[in-house]
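Student: Quick one: sequence plus predicted model below, questions after.
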Amino acid sequence: MTAIRPKRPLVKRLALFALFAFLVMIPLGWGFLEWTTRPQFCSSCHIMEPYVKSWSQSSHAKVPCVDCHYEPGILETATGKFKAINQVVKYVTGTEGTKPWAEVSDNSCLRSGCHTTRLLQGKVDYKIGRTSIAFDHGPHLLEMRLSKKLRCTSCHSQIVQGEHLTVTTTTCLLCHFKGADEDPKLAVCTTCHVPPKEAIQLGDAGSFLHAEYLSRGVACDSCHASVTQGTGEVPKRRCGSCHAVQEHLERIGEREFMHKKHVTEHKVDCLECHTEMTHRLRDRQAPAGGTCAECHASGHGKAEAFYRGVGGRIAPATPNPMELARVSCTGCHMHVGPKPAEGTAVAAKEVACISCHGPSYEGMLGRWQTAFVSASTSISAELAAARGAATEKAAGDTALAKSLEDAAHDVALVKGDGARGAHNPWFARKLIEGAEGRVRAAWAQLDPSRPVAPAALGPRFPTKFECAKVCHLGIDEQPIRLAGTRFEHERHLKSGKLDCDQCHSTAEHGKTLVTKAECASCHHGEKAPADRECASCHADADRFLRGVADDGEQGAQVMAKVKCVECHGASVAKPVRQVVQANCNVCHKEKYAATVAEWTKDSDDWFAEAEGRLSKVRARVADGKTTAAKLAAAEVIVSKLRLSVPAHNIVLFEERKEAFDEAASAAEK
């Protein structure tokens, strides 16, 4: 008989099962849980594929998903795992949504071994292409920004586009430009941007240094206008894409509440609600209309093409260097004073040139226009004569006719430019010179004995430099002010046969090397003409002495009938002030020289005070709190007073001080 095997007690069987589970099932379960923390498991869901791909190509590629998506800590990790399992269940049962959502806590970003010291780094250079932005994490994370508490993912929110968790620049733009109504400093360029230190090449005009212009208080938007596009508004219909509860929709206008819920408590991408804002330099091929072009269709196609230096048949494409720097129309067409009536064109005036480029540009605009009008008129006459002769003597020569037709086209571009060539002097010169070359070639073929016409454009003096061909075109016919005196280039360049480098540096642009002593060695030396009037050089001082304003209006005068030699003596002696003050006692009572000395000291003190105010205004211009035009209006008064020498007319000096105070006060507001 077979023995019956006794049954194991239930407790023993349960114990065996528990042992099996411990030895086999629990390790398998733990292995499964561990596997589910890996990126390979995340990518097994097709809706996660683009996110995993973005992560694998990013700087976080070696960081496991759970290091970011699970907060540090046992309880936090368990909570994160529970949420992840919940997502897996939804995926398996087909109940998952079409819009995956995940939160990354600041604690994950700042955990040990990751970005622990980020808040202590201070300002860092954040690079966007060639642009460098000075950024400090501390204030953005530790302080309230426009009543909002930001998180790491408020800015580092890229998921699919670009690299995983890189900075979403649209977030920066929305805060800095839409928020500028509350805090104007947010939109000031230097809040984020560090001006480039290296020279920037601008075509035929050479290089450009930002520091040179910023030191004069030129505002960034004088060149870089219309760099921000979009309004960043929140269309109400966007709220309905997430919310269906009427009570939620009714709170749309509560901005602080909305930002608390969507920015601080939950990571909702800004562009889910706001329309996009962009911030970049104008495309060089885009119209240069600036703020005007945002509302009005451009009616200045010819001027814009001329500015870009295109359209010539003989002359090569030659963009204006200011176009290469993306300076918009409003950089030159700035209104000074009351705002013009709607529909009124704003003419470009010389004050715009001086406000950016400094007093050395005084007269340049007028010289350009005079030279190009004269040149285009003379070459047009030569061209008309050549075309007439070609019709008469070479009627069948189609190549010659086409050559002259192209010349006529290029000259017409200069004549058709509303700024008389000033929209692009470099292009205007090439257009005229190209046409001039065609005309000369035509006359060489039609009538070799005909005298060659002189060059339509200057310079009309021998020189080895390009200076006088564009920027200083016509300088030989234009007297300028130099150290308070009237300086005639024509006399020195033509009669004196001097070249530019005998007075100017060829290494440091704009620097004058010649000294007053060197000038005086000729003008006050033995060879100086005996009949030469002081006012022929010292024009500013002479006009100030006689109380004559720039517009010719007669003002206050004190010593208009006093001759220069009565104060300065027959020959120039140094130091001038002491010599003049001693001569005061010859005509006036004793100790009058002390009064004059007091005047000069007061004027010196005033100039120091005025320069201090101008320095503060320049800082305001740099911060965008006032305009470069207002600064220039105050600067020009001080500049002219220095050249005029206040002691020549102390009454008029007091009047001009008041004018400066008004101009400076307007710039300080």
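Tutor: Arrived safely, thanks for sending. Residues are numbered from 1 along each chain as shown.
Student: quick one, strands of the stretch 1-150 of the chain?
Tutor: With strands called from DSSP state E, counting those that start in this stretch, the stretch 1-150 of the chain shows them at 123-128, 131-136.
Student: Single out the most deeply packed of the ones you listed.
Tutor: Ranked by mean neighbour count, the strands of the stretch 1-150 of the chain are led by strand 131-136 with a mean of 15 (mean count of other CB atoms under 10 Å). Any C-beta I mention is one placed from the backbone N, CA and C, and that applies to glycine too.
Student: coming back round to it: is it possible to get a markdown table of the strands of the stretch 1-150 of the chain that adds distance to N107?
Tutor: Below are the strands of the stretch 1-150 of the chain laid out as a markdown table (distance: least, CB to CB, whole Å):
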| stretch | distance to N107 |
| --- | --- |
| strand 123-128 | 22 |
| strand 131-136 | 21 |
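Student: Present the ones you listed as JSON lines; the columns should include mean pLDDT and distance to S58.
Tutor: Listed next are these as JSON lines, based on pLDDT from 0 to 100; distance: least, CB to CB, whole Å:
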{"stretch": "strand 123-128", "mean pLDDT": "77", "distance to S58": "16"}
{"stretch": "strand 131-136", "mean pLDDT": "80", "distance to S58": "19"}
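Student: isn't P321 right next to L202, touching?
Tutor: Yes - contact between P321 and L202 holds when scored by CB atoms under 8 Å: they sit 3.7 Å apart.
Student: Determine the residues that are contacts of both of these two.
Tutor: F208 (CB atoms under 8 Å, 6 or more residues apart in numbering).
Student: for the strands of the stretch 1-150 of the chain, which one sits closest to A507?
Tutor: strand 131-136 (28.4 Å; CB to CB).
Student: which helices and strands sit right next to the closest one?
Tutor: Judged by 3 or more CB pairs under 8 Å, 6 or more residues apart in numbering; DSSP states H and E, strand 131-136 is in contact with strand 123-128.
Student: The strand it packs on pairs with which strands, and in what direction?
Tutor: Strand 123-128 has the following strand partners under DSSP bridges: strand 131-136 (antiparallel).
Student: P321 and L202: which is more packed in?
Tutor: P321 (22 against 16; other CB atoms under 10 Å).
Student: my guess is A407 meets R438, correct?
Tutor: Yes - between A407 and R438 there is a contact under CB under 8 Å: 4.0 Å.
Student: Neighbour count: those two, which is higher?
Tutor: A407 (28 against 24).
Student: Who are the contact partners of the more buried one?
Tutor: Taking CB under 8 Å, 6+ apart as the test, what A407 contacts is 314, 383, 434-435, 438-439.
Student: ok, now with 7 Å
Tutor: Listed by CB atoms under 7 Å, 6 or more residues apart in numbering, the contact set of A407 reads 314, 383, 435, 438-439.
Student: among those, which are in helices?
Tutor: Among the contacts of A407, the residues falling in helices (DSSP state H) are 383, 435, 438-439.
Student: Let's see if you can find the most crowded of the residues you listed.
Tutor: A435 (32 neighbours).
Student: any chance of the contacts of A407 in TSV, with pLDDT and distance to K393 too?
Tutor: As requested, the contacts of A407 are exported to TSV (pLDDT from 0 to 100; distance: CB to CB, whole Å):
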residue	pLDDT	distance to K393
I314	95	22
L383	93	16
A435	94	20
R438	94	16
V439	94	15
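Student: Distance to K415 added to those, as JSON lines?
Tutor: Output for these, formatted as JSON lines (distance: CB to CB, whole Å):
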{"residue": "I314", "distance to K415": "15"}
{"residue": "L383", "distance to K415": "11"}
{"residue": "A435", "distance to K415": "11"}
{"residue": "R438", "distance to K415": "16"}
{"residue": "V439", "distance to K415": "15"}
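Student: okay, among those, which ones form the most distant pair?
Tutor: Pairwise over the contacts of A407, using CB to CB, the maximum falls at I314 and L383, 12.1 Å.
Student: Need the residues touching each of the two.
Tutor: 407, 435.
Student: Tell me how many other residues crowd T391.
Tutor: Neighbour tally, T391, other CB under 10 Å: 12.
Student: would it count as being in a helix?
Tutor: Yes - T391 sits within a helix when classified using DSSP: H, G, I helix; E, B strand; the rest coil.
Student: tell me the pLDDT at it?
Tutor: On pLDDT, T391 comes in at 91.
Student: How far away from the center of its chain is stretch 539-552?
Tutor: Its chain's C-alpha centre and that of stretch 539-552 lie 37 Å apart, by CA atoms, centre = their mean, to the nearest Å.
Student: That one: which residues count as buried?
Tutor: 539-548 (16 or more other CB atoms under 10 Å).
Student: What of stretch 507-521?
Tutor: For stretch 507-521, a neighbour-count test (16+ other CB under 10 Å) marks C519 as buried.
Student: Check stretch 383-400 too.
Tutor: Buried, per 16+ other CB under 10 Å, within stretch 383-400: 383, 385-387, 389-390, 397, 400.
Student: Show me the contact partners of it.
Tutor: 401, 404, 407-408, 411, 435, 439, 442-443, 445-447.
Student: Could I get the buried residues of stretch 383-400 in a markdown table, plus columns for distance to R326?
Tutor: What follows is those, written out as a markdown table (distance: CB to CB, whole Å):
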| residue | distance to R326 |
| --- | --- |
| L383 | 35 |
| A385 | 42 |
| A386 | 40 |
| R387 | 40 |
| A389 | 45 |
| A390 | 43 |
| D397 | 45 |
| L400 | 41 |
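Student: of all the residues you listed, which comes closest to G496?
Tutor: Comparing the buried residues of stretch 383-400 against G496 with CB to CB picks out L383 as the nearest, at 35.3 Å.
Student: State the pLDDT value of the nearest residue in space to R486 that is not next to it in sequence.
Tutor: Excluding the flanking residues, the one nearest R486 by CB to CB, 6 or more residues apart in numbering is A539, at 4.0 Å. As predicted, A539 sits at a pLDDT of 75.
Student: Next: P459.
Tutor: pLDDT, read off for P459, is 79.
Student: any idea whether it is helix, strand or coil?
Tutor: Applying three-state DSSP: P459 is coil.
Student: these two touch, right, I252 and R238?
Tutor: No - under the criterion of CB atoms under 7 Å, I252 makes no contact with R238, lying 9.9 Å away.
Student: Which of the helices or strands spans D540?
Tutor: helix 539-545 (DSSP states H and E).
Student: Packing partners of that helix?
Tutor: helix 628-644 (3 or more CB pairs under 7 Å, 6 or more residues apart in numbering; DSSP states H and E).
Student: Now do whatever helix or strand comes next after the helix it packs on: everything it contacts.
Tutor: Downstream of helix 628-644, the first helix or strand assigned by DSSP H and E is helix 650-668. With CB under 7 Å, 6+ apart as the contact definition, helix 650-668 has outside contacts at 544, 547, 555-556, 558, 599, 603, 606, 610, 613, 617, 626, 630-631, 633-634, 637-638, 641, 646.
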